[in-house]
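**Student:** pasting the sequence and the predicted model now:
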Amino acid sequence: DGGITQSPKYLFRKEGQNVTLSCEQNLNHDAMYWYRQDPGQGLRLIYYSQIVNDFQKGDIAEGYSVSREKKESFPLTVTSAQKNPTAFYLCASKPDRGFDGYTFGSGTRLTVV
Amino acid sequence: GIQVEQSPPDLILQEGANSTLRCNFSDSVNNLQWFHQNPWGQLINLFYIPSGTKQNGRLSATTVATERYSLLYISSSQTTDSGVYFCAVRGSGSARQLTFGSGTQLTVLP
């Protein structure tokens, strides 16, 4: 079955550490997105990529970094510069053309300990 | 950027009741989607509806683009309908990404 796989489901980070969240899709989608969700709030865009080797900052990119070396993969690194990283992180993808439906992964819950 | 407001923020229903969720947006859009987030965090696309009306079983949605709002109707609600419903839009300008509302938390009681 085609879909988006995010791993791990739960992640604990010590203060000062960088951590990387994985997002892989086998839908042959061109565009991929990272969103952050805080309790009781909607999703806010961190970074997005419409093509391999290119990505753009979203609304809350500070303290995060991404890469898009392969079409299938869009990993997100939460750096030590992100002061409040505890949140639920969702990855999404969609075709760059045609039907505009987004497909979401099941998310990674990151907690700073 | 475009603003998205959803109402009500919370809704508690008895099983079998009907409900209407509203999404207002501040500018013209070329993409509007309704999502359901289940208690485990998974987001499921319910409707892609930048204009017009669609129905899928007990759920239907209407978007009146000229008046900048969309409605999601849930009929004969079931406990499995519980979760958060999000409206997300993409403005007709140069933005290439969705902007989400803050959601409606729906609880359906047995």
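**Tutor:** Arrived safely, thanks for sending.
**Student:** now the strands: where do they sit in chain A?
**Tutor:** Under the criterion DSSP state E, chain A contains strands at A:4-7, A:10-13, A:19-25, A:31-37, A:43-51, A:54-57, A:64-66, A:76-78, A:87-94, A:103-104, A:108-112.
**Student:** mean neighbour count, distance to residue B:24 and mean pLDDT added to these, as TSV?
**Tutor:** (C-beta placed from N, C-alpha, C; glycine too.) Output for the strands of chain A, formatted as TSV (neighbours: other Cβ atoms under 10 Å in any protein chain shown; distance: least, Cβ to Cβ, whole Å; pLDDT from 0 to 100):
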stretch	mean neighbour count	distance to residue B:24	mean pLDDT
strand A:4-7	17	30	95
strand A:10-13	14	35	92
strand A:19-25	19	31	97
strand A:31-37	24	21	95
strand A:43-51	21	18	94
strand A:54-57	14	27	94
strand A:64-66	20	30	97
strand A:76-78	20	31	97
strand A:87-94	24	23	94
strand A:103-104	20	23	90
strand A:108-112	18	30	94
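**Student:** make CSV out of those strands and add distance to chain B.
**Tutor:** Formatted as CSV, those follow (distance: least, Cβ to the nearest Cβ, whole Å):
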stretch, distance to chain B
strand A:4-7, 10
strand A:10-13, 11
strand A:19-25, 14
strand A:31-37, 6
strand A:43-51, 4
strand A:54-57, 8
strand A:64-66, 14
strand A:76-78, 15
strand A:87-94, 6
strand A:103-104, 4
strand A:108-112, 7
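**Student:** between the ones you listed, which gets nearest to residue B:51?
**Tutor:** The closest of the strands of chain A to residue B:51 is strand A:87-94. By Cβ to Cβ, the value is 19.1 Å.
**Student:** got the angle between that closest one and strand A:43-51?
**Tutor:** Between strand A:87-94 and strand A:43-51, the angle comes out at 40 degrees (axes from the mean of the first three to the mean of the last three Cα atoms, to 10 degrees).
**Student:** now strand A:87-94, how far from the chain's geometric center?
**Tutor:** Put simply, strand A:87-94 sits 5 Å off its chain's centre (Cα atoms, centre = their mean, to the nearest Å).
**Student:** tabulate the CA atom coordinates of that strand in PDB.
**Tutor:** Presented in PDB, the C-alpha positions along strand A:87-94 are these (Å, rounded to 0.1, in the frame of the first residue of the first chain):
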ATOM      1  CA  ALA A  87       5.300  19.000  20.100                       C
ATOM      2  CA  PHE A  88       3.600  16.600  17.700                       C
ATOM      3  CA  TYR A  89       5.300  16.600  14.200                       C
ATOM      4  CA  LEU A  90       3.400  15.700  11.100                       C
ATOM      5  CA  CYS A  91       4.800  15.100   7.600                       C
ATOM      6  CA  ALA A  92       2.600  15.300   4.500                       C
ATOM      7  CA  SER A  93       2.900  15.000   0.800                       C
ATOM      8  CA  LYS A  94       1.000  15.700  -2.400                       C
END
